[in-house]
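Asker: I'd like to go over a predicted model; first the sequence, then the structure.
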Amino acid sequence: MDILILASSLAMLSYVIGVIVYALPVPYRPIKKLGMAFIIDAIVAMILITIYNVFIYVGDFILNLLNLTWLDFYRWLVSRTAVLVGVFTGLSYLLSMIKVSQYSFILSPLNLVLTYISLSLSALKIVYFLSTLIFKFRKELVLLGVLLYSLPFRIGKGVGAFLIACSIVLYVGFPLMPAFVSYFEGNIISSGNFGPTTIYGTIVDGAGNYLPYSVLLVYLKKVSSPHAIPSAVILTNDRGKFVLGDGKDIIPKNTTLYLRVEYLGYVFVPQPNEFIAKGFKKNIVLRVNSIIYSAGVALLIPFNYVLLNKFITGNLIDVTLKPISNNKVLSLTLIKYHSTPIYRIAINNKEYICNWSVLSWRGIKLSSCTLNIKLSNDLFNIIIFHESMEPKRPNVNQKRLLLLSGISDLIAGYISLGVSLLYSLIFLPGMYVSLLLAMSAALSRVLGGGIRIKLI
């Protein structure tokens with residue numbers, strides 16, 4: 001209110017000055033016109049001061065009519081920023097991998113794409129700055145515009161009119177940017193169909209519980225020997241999760257991957273055990289049906305038995321097996337961390353004692369035993385009661401999958417993406433902001449009296 005009162009006083013002063021200039025006893029027409037201009041400016045300034053609240057609420061009124069919000073606009077900005085940051089991070093990782101390989105000749109086009117993405121991020125920063133300035137300081141800009149407009153001698157008339165016009169046009173215009181850009185860009189950016197395949201996966205045991213710090217082995221052809229050299233070796237996290245691709249690997253489309261899982265010194269065939277890359281993001285679950293794991297203890301299920309019932313807790317394995325053939329001996333293998341105490345092993349309510357043998361797996365000391373039990377039943381209930389242990393991380397020299405057979409398609413795809421980003425994130429928003437500023441300039445001419453309407 002203090003600023004509005006100050007603006008009113010300045011407008012009144014401008015009016016008085018205009019009257020004095022107009023009333024000067026000087027028979028010179030330009031002086032009369034100047035005095036009349038001061039009077040008109042003062043009257044317009046008073047009108048602008050009076051309808052100050054209209055300037056504030058007209059933007060919200062128009063946005064409500066168009067069913068638009070600034071929250072949706074910022075969500076759109078954040079989603080685009082996330083896409084750019086993801087691509088930038090993945091491409092940077094890819095460049096770091098290629099620099100130390102014999103394929104450094106492809107660094108130049110990929111660096112060009114990285115430059116495109118950096119420019120796109122810079123353009124988004126400018127949009128963030130301008131939009132935040134308008135969103136947070138719209139009232140202050142209108143107030144400053146009214147104050148400058150009210151200054152005598154037309155000192156701040158043009159700037160004041162432009163600030164008022166910008167506060168209205170840009171406040172309504174920025175939430176309209178997503179619709180404008182999407183209309184012209186079409187489906188240029190389609191992150192799901194671009195580039196190599198990305199696989200997000202989880203490795204679980206036969207009971208559906210995750211296998212912590214298991215090792216995924218990836219082959220490019222079918223293998224029958226557990227000693228075959230894998231093309232990639234990937235360590236999962238403490239919840240059995242892994243990522244193939246996502247900037248860490250290069251997997252061209254239509255590449256068939258054959259999968260194995262190594263855990264506690266054994267190599268297993270999961271289900272599914274092969275995957276065909278299709279050039280999109282994929283979530284898969286690899287189930288190792290021949291192992292049951294419980295906090296430091298694993299039970300290997302023979303291939304000719306099927307798991308019927310299961311009850312797994314942090315210190316108990318309680319499962320029921322059924323043979324699928326006429327076997328006379330149940331060969332049951334137990335594996336545990338060497339320091340894990342086992343208090344009870346019971347099969348069909350009969351207690352058993354293991355003769356443990358010590359072995360090592362990727363820096364982890366393990367104990368293993370095998371029980372050969374003569375069959376007298378069709379169902380076998382196995383109970384193992386033990387102390388719960390935290391999962392241990394094996395020493396794994398991870399080997400990522402770097403397939404450059406489709407590198408030309410990959411480079412072409414990245415260059416295409418870079419050009420698309422330039423068009424979608426620099427050219428279209430830049431053109432739209434320029435359009436908004438042109439509209440603001442036109443509206444400021446109307447408010448400043450730059451457009452004259454002659455009725456006669």
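Answerer: Done, it's in.
Asker: which other helices and strands contact the longest helix along the chain?
Answerer: Counting by DSSP state H, the longest helix found in the chain is helix 107-149. When contacts are defined as 3 or more CB pairs under 8 Å, 6 or more residues apart in numbering; DSSP states H and E, helix 107-149 sits against helix 2-23, helix 29-50, helix 52-66, helix 70-99, helix 157-173, helix 407-422, helix 428-448. C-betas here are computed from N, CA, C, even on glycine.
Asker: relative orientation of the fifth one and helix 52-66 in degrees?
Answerer: Compare the direction of helix 157-173 with that of helix 52-66 by axes from the mean of the first three to the mean of the last three CA atoms, to 10 degrees and you get 30 degrees.
Asker: how about low-confidence regions in the stretch 1-150 of the chain?
Answerer: Residue ranges of the stretch 1-150 of the chain with pLDDT under 70: 1, 94, 97-109.
Asker: mind checking how far A23 is from G35?
Answerer: 7 Å (CB to CB, to the nearest Å).
Asker: Show me which of those two is the more surrounded one.
Answerer: Neighbours per residue (other CB atoms under 10 Å) separate A23 from G35, with G35 holding more: 19 against 10.
Asker: Go through the helices and strands packed on helix 107-149 and name the closest to K139.
Answerer: helix 52-66 (5.9 Å; CB to CB).
Asker: so the closest one versus helix 107-149, what angle?
Answerer: Using the same axes, to 10 degrees: helix 52-66 against helix 107-149 is 140 degrees.
Asker: CA atoms of helix 52-66 as PDB?
Answerer: Taking C-alpha atoms only, helix 52-66 is exported to PDB below (Å, rounded to 0.1, in the frame of the first residue of the first chain):
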ATOM      1  CA  TYR A  52      -3.700  -3.000  -9.600                       C
ATOM      2  CA  ASN A  53      -5.600  -6.000  -8.100                       C
ATOM      3  CA  VAL A  54      -7.100  -6.700 -11.500                       C
ATOM      4  CA  PHE A  55      -3.600  -7.200 -12.900                       C
ATOM      5  CA  ILE A  56      -2.900  -9.600 -10.100                       C
ATOM      6  CA  TYR A  57      -6.000 -11.800 -10.500                       C
ATOM      7  CA  VAL A  58      -6.500 -11.700 -14.300                       C
ATOM      8  CA  GLY A  59      -3.700 -14.200 -14.700                       C
ATOM      9  CA  ASP A  60      -5.200 -16.700 -12.300                       C
ATOM     10  CA  PHE A  61      -8.600 -16.100 -13.900                       C
ATOM     11  CA  ILE A  62      -7.300 -17.000 -17.400                       C
ATOM     12  CA  LEU A  63      -5.400 -20.000 -16.100                       C
ATOM     13  CA  ASN A  64      -8.600 -21.300 -14.500                       C
ATOM     14  CA  LEU A  65     -10.500 -20.800 -17.700                       C
ATOM     15  CA  LEU A  66      -7.800 -22.900 -19.600                       C
END
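Asker: buried ones in that helix?
Answerer: 52, 55-56, 59, 62-63 (16 or more other CB atoms under 10 Å).
Asker: Out of these, which comes closest to S357?
Answerer: L63 (73.8 Å).
Asker: Could you measure from that closest one over to A37?
Answerer: Applying CB to CB, the value for L63 to A37 is 36 Å.
Asker: model confidence over stretch 288-295, on average?
Answerer: Averaged over stretch 288-295, pLDDT sits at 88.
Asker: could you dump that stretch to CSV, C-alpha only?
Answerer: Only the C-alpha atoms of stretch 288-295 are listed here, as CSV (Å, rounded to 0.1, in the frame of the first residue of the first chain):
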residue,chain,number,x,y,z
VAL,A,288,16.6,-70.1,-9.2
ASN,A,289,14.3,-73.0,-8.4
SER,A,290,17.1,-75.3,-7.2
ILE,A,291,18.1,-73.3,-4.1
ILE,A,292,16.4,-72.1,-0.9
TYR,A,293,18.1,-69.4,1.0
SER,A,294,17.6,-68.1,4.5
ALA,A,295,20.0,-65.6,6.2
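Asker: Quick check: buried residues in it?
Answerer: Buried-residue list, stretch 288-295, by 16+ other CB under 10 Å: 288-295.
Asker: Which members of those are positioned in strands?
Answerer: Among the buried residues of stretch 288-295, the ones falling in strands (DSSP state E) are 288, 291-294.
Asker: Would you mind listing the two of those that lie farthest apart?
Answerer: Farthest apart among those - using CB to CB - are V288 and S294, which lie 14.0 Å from each other.
Asker: isn't D238 right up against S214?
Answerer: No: judged on CB atoms under 8 Å, D238 makes no contact with S214 at a distance of 10.2 Å.
Asker: More neighbours: those two, which one.
Answerer: Each of D238 and S214 has its neighbours counted (other CB under 10 Å); S214 has more, 29 against 12.
Asker: All the helices of the stretch 151-300 of the chain, in order from the start?
Answerer: Taking DSSP state H, counting those that start in this stretch, the helices of the stretch 151-300 of the chain run over residues 157-173, 177-185.
Asker: So which of those helices is the most surrounded?
Answerer: Highest mean neighbour count among the helices of the stretch 151-300 of the chain (mean count of other CB atoms under 10 Å): helix 157-173, with a mean of 23.
Asker: ok, residues contacting that one?
Answerer: Contact partners of helix 157-173, identified using CB atoms under 8 Å, 6 or more residues apart in numbering, comprise 41, 48, 55, 58-59, 62-63, 130-131, 134-135, 138, 141-142, 144-151, 432, 436-437, 439-445, 447-448.
Asker: Name only those of those that count as buried.
Answerer: Buried among the contacts of helix 157-173 by 16+ other CB under 10 Å: 41, 48, 55, 59, 62-63, 130-131, 134, 138, 141-142, 144-151, 432, 436-437, 439-440, 443-444, 447-448.
Asker: quick one: S8 from M46, how far?
Answerer: 7 Å.
Asker: whoops, I mixed them up, S357
Answerer: Using CB to CB, S357 is found at 98 Å from M46.
Asker: Between those two, which is the more surrounded one?
Answerer: M46 (17 against 10).
Asker: List the contacts of that one.
Answerer: 8, 11-12, 15.
Asker: Need those residues in JSON lines (columns: neighbour count).
Answerer: Formatted as JSON lines, the contacts of M46 follow (neighbours: other CB atoms under 10 Å):
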{"residue": "S8", "neighbour count": "16"}
{"residue": "A11", "neighbour count": "25"}
{"residue": "M12", "neighbour count": "15"}
{"residue": "Y15", "neighbour count": "19"}
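Asker: hey, which strand is longest across the chain?
Answerer: What stands out as the longest strand in the chain, according to DSSP E, is strand 364-374.
Asker: Run the angle between the next helix or strand after that strand and strand 364-374 for me.
Answerer: Where DSSP states H and E defines the elements, the next helix or strand beyond strand 364-374 is strand 380-386. Orientation check (the same axes, to 10 degrees): strand 380-386 against strand 364-374 gives 150 degrees.
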